[in-house]
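Colleague: Using only what follows, build the 3D model:
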Amino acid sequence: MARLPLPDILQRGITYSLAGLTVYGLIVGVAVHRDTLRRGRELMAEREATARQVNQNEEMEKELAKAAQSALYPSIETSPPSHRRPPSSMCLASVGREDIEYGTLLLYTNRNGYISSSGNVLA
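Modeller: Model (predicted):
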């Protein structure tokens, strides 16, 4: 068998090396892609769990707010709009201007029992 010249050996070595690098690159590319998909799925599951927790916290806050409002306003199911008269138990006096703290507004009862704020009749 005849001996191969040096350029032929170098060409074969480079060709086999490049073919090996190509196969290695494909294998690593698939592995990285699968790892990226796995991490993405884990991240999405974590975000969904966080969103569920936030929703549960919001529901709990709403329930606590309703409970607080029902404790403050027992005859009204939800927070009363500003145009309603409060229950008669909340009116301190039907004559004169008495201060009533109603929610975050400071409201007054006038002589007719209507609630007003800065002279504007709300009921």
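Colleague: Domain parsing of the protein, as residue ranges.
Modeller: 1-72, 78-123 (automatic domain parsing).
Colleague: what's the least confident stretch among these?
Modeller: Per-stretch mean pLDDT for the domains of the chain is lowest at domain 78-123 (a mean of 49).
Colleague: Can I take it that A2 is in a strand?
Modeller: No. Using DSSP: H, G, I helix; E, B strand; the rest coil, the secondary structure at A2 is coil, not a strand.
Colleague: Just give me the neighbour total for it.
Modeller: Neighbour count of A2, defined by other CB atoms under 10 Å: 4. From N, CA and C alone the C-beta is placed, and that goes for glycine too.
Colleague: residues in contact with L21?
Modeller: The contact partners of L21, by CB atoms under 8 Å, 6 or more residues apart in numbering, come to none.
Colleague: how much space between it and R34?
Modeller: Per CB to CB, to the nearest Å, L21 is found 20 Å from R34.
Colleague: Same question for E46.
Modeller: Distance from E46 to R34, by CB to CB: 19 Å.
Colleague: What of N57?
Modeller: Taking CB to CB, one finds N57 at 35 Å from R34.
Colleague: go on, Y24?
Modeller: Distance from Y24 to R34, by CB to CB: 16 Å.
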